[in-house]
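In: Dropping the sequence and predicted coords here.
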Amino acid sequence: MLKSKHYPKMVWLSATVIVAGLTSCQQQAKSDDKKVAANADTADAKQYLSQPIISNIYTADPSAHVFEGKIYVYPSHDVEAGVAENDNGDHFDMRDYHILSMDSAGGKVTDHGVALSLKEIPWAGRQLWAPDAAFKNGTYYLYFPLKDKNDVFAIGVATSKSPAGPFKAEPKPIAGSFSIDPAVFTDDDGSTYMYFGGIWGGQLQRWKNGKYDANGSKTDLQQDDSPAINCKVAKLKTNMKEFDGEVKDAVIIDSGGKPLLGKDHNRRFFEGSWMHKYNGKYYLSYSTGDTHLLAYALGSKPTGPFVYAGTFMQPVEGWTTHHSIVEFKGKWYIFYHDTQLSGKTHLRNVKVAQLKHEPDGRIAMIDPNKK
């Protein structure tokens, strides 16, 4: 989830480090739908590598998975809430989730409607941000970050027998969860892990020693010469509703084995983590936030540590991006978002493009604004 009023700087850090030895309410009102469509008609299609996969509603933060032979996308549902922009992200005041599916990447998209809404979650306060989904033992699980009635983010879980929902939320958030942007990965041995966290509006910097400090820092900017705040990782129990053990740091280090520092905004973790596995390597990818890059780090275990390996996507139109990576019918794809339809930071649209791994395991650079 994205939290700043600033627009992107075209900053590009080349992927120069190669690691050896590591073999995120109801449907939009009809009037809003018309506005989206009108914006789509006037957008300059030649500016972009890809086009929005859907244009009747605003969508963002897409988590893509292959379920039942189709690609299912679990995005945020952006709305115009009339809230002033600020660095806490209060203008991202989403109220429900729509689930999308397609038979092929870039093919016709089915909008399955509202799968879960704020009013259906017992512990809800506000702001349904970037979700993710998983499947195990005949049940589909929808994981979502949401502020509780005290305005503190936690991560909830809802279940369904269909990947398209509707989903029913558990009465309480996952015990021990906090912050935002859950991303769930199941390894080859059936073990499942959740990666989560986001600084600034995502509140991760306010969690020290496992306790929330309401008066804590609003950003990470006071920790320039200390190790950067890490993404979090927790193993899930087989019921997929509880953490199995303590929450740990998914530590990102440099090629010399040292942790990245807080001042290293071109490389340090900000939000939007994702995990995929390729040729035995664990790829932890994430957004650098205020420097608008997608970066990745490689590990030999799903819990890390992860060695920084470079960036793989140039800045999108908008403030920054939030992505997912999925393999489908032998090809890899990245789902991401920009602001082509609206030109507004908080009203985004999901896109998809092919992603390629180089022979040495690096991820090839993607230019989302390629003409």
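Out: That came through fine.
In: Go ahead and confirm residue 237 touches residue 193.
Out: No: counting by CB atoms under 8 Å, residue 237 stays clear of residue 193, with 11.5 Å between them. Where C-beta positions appear, they are placed from N, C-alpha and C, glycine not excepted.
In: the more surrounded of those two?
Out: residue 193 (21 against 11; other CB atoms under 10 Å).
In: Send over the host helix or strand of the more buried one as CSV, restricted to the C-alpha atoms.
Out: Per DSSP states H and E: residue 193 is located in strand 192-196. Extracted in CSV, the C-alpha atoms of strand 192-196 (Å, rounded to 0.1, in the frame of the first residue of the first chain):
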residue,chain,number,x,y,z
THR,A,192,3.5,-22.1,4.3
TYR,A,193,5.0,-18.7,5.3
MET,A,194,3.6,-15.2,5.5
TYR,A,195,5.8,-12.2,4.7
PHE,A,196,4.4,-8.8,5.8
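In: got a list of contacts for it?
Out: 134, 136, 143, 145, 155, 177-187, 231-236, 240, 243, 250, 273-275, 284, 302-303 (CB atoms under 8 Å, 6 or more residues apart in numbering).
In: quick one, helices of this structure?
Out: 30-42 (DSSP state H).
In: low pLDDT regions in it?
Out: Low-confidence segments of the chain (pLDDT under 70): 1-46, 371.
In: Show me the residue sitting in the middle of it in space.
Out: The chain has residue 272 as the residue nearest its centroid, 3.7 Å off, counting by CA atoms, centre = their mean.
In: So it is in contact with residue 198, correct?
Out: Yes: at 7.0 Å, residue 272 counts as touching residue 198 under the criterion of CB under 8 Å.
In: now stretch 148-156, how far from the centre of its chain.
Out: 18 Å (CA atoms, centre = their mean, to the nearest Å).
In: what does stretch 107-119 give?
Out: 18 Å.
In: Tell me the buried residues in it?
Out: Residues of stretch 107-119 classed as buried by neighbour count (16 or more other CB atoms under 10 Å): 109, 112, 114, 115, 116, 117, 118.
In: now swap in stretch 138-151 and tell me
Out: 140, 141, 142, 143, 144, 145, 146, 147, 148.
In: show me what contacts the second one?
Out: Spelled out, that is residue 141. Neighbour list for residue 141: 133, 134, 135, 157, 158, 159, 184, 240, 241 [criterion: CB under 8 Å, 6+ apart].
In: Could you name every residue contacting both of residue 237 and residue 193?
Out: Common contact partners of residue 237 and residue 193 (CB under 8 Å, 6+ apart): none.
In: what about stretch 229-244, start to end distance?
Out: Using CA to CA, to the nearest Å, one end of stretch 229-244 lies 22 Å from the other.
In: Could you pull out the buried residues of that stretch?
Out: 229, 230, 231, 232, 233, 234, 235, 236, 240, 241, 243.
In: and what of stretch 128-136?
Out: In stretch 128-136, counting by 16+ other CB under 10 Å, buried: 128, 129, 130, 131, 132, 133, 134, 135.
In: unless I'm mixing things up, the fourth one is touching residue 72, no?
Out: In other words, residue 131. No: look at residue 131 against residue 72 with CB under 8 Å: they stay out of range, at 11.7 Å.
In: what's the overlap in contacts for those two?
Out: Counting by CB under 8 Å, 6+ apart, nothing touches both residue 131 and residue 72.
In: For the buried residues of stretch 128-136, give me CSV that also has distance to residue 345.
Out: What follows is those, written out as CSV (distance: CB to CB, whole Å):
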residue, distance to residue 345
128, 18
129, 14
130, 15
131, 20
132, 22
133, 25
134, 29
135, 33
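In: ranges for the strands of the stretch 201-350 of the chain?
Out: 207-208, 211-212, 231-236, 248-250, 252-253, 271-278, 281-287, 294-299, 306-313, 324-328, 331-338, 349-355 (DSSP state E, counting those that start in this stretch).
In: got JSON lines for the ones you listed, with distance to residue 123 too?
Out: Shown next, in JSON lines, are these (distance: least, CB to CB, whole Å):
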{"stretch": "strand 207-208", "distance to residue 123": "18"}
{"stretch": "strand 211-212", "distance to residue 123": "15"}
{"stretch": "strand 231-236", "distance to residue 123": "19"}
{"stretch": "strand 248-250", "distance to residue 123": "25"}
{"stretch": "strand 252-253", "distance to residue 123": "32"}
{"stretch": "strand 271-278", "distance to residue 123": "22"}
{"stretch": "strand 281-287", "distance to residue 123": "27"}
{"stretch": "strand 294-299", "distance to residue 123": "32"}
{"stretch": "strand 306-313", "distance to residue 123": "32"}
{"stretch": "strand 324-328", "distance to residue 123": "26"}
{"stretch": "strand 331-338", "distance to residue 123": "27"}
{"stretch": "strand 349-355", "distance to residue 123": "28"}
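In: of the ones you listed, which approaches residue 219 most closely?
Out: For residue 219, the closest of the strands of the stretch 201-350 of the chain is strand 271-278, at 12.2 Å, according to CB to CB.
In: For that closest one, give me every contacting residue.
Out: With CB under 8 Å, 6+ apart, strand 271-278 has contacts from 1-2, 61, 63, 130, 180-181, 183, 185, 187-188, 193, 195-199, 202, 231, 250, 282-287, 289, 302, 321-327, 332, 357, 361.
In: Appreciated, that's everything.
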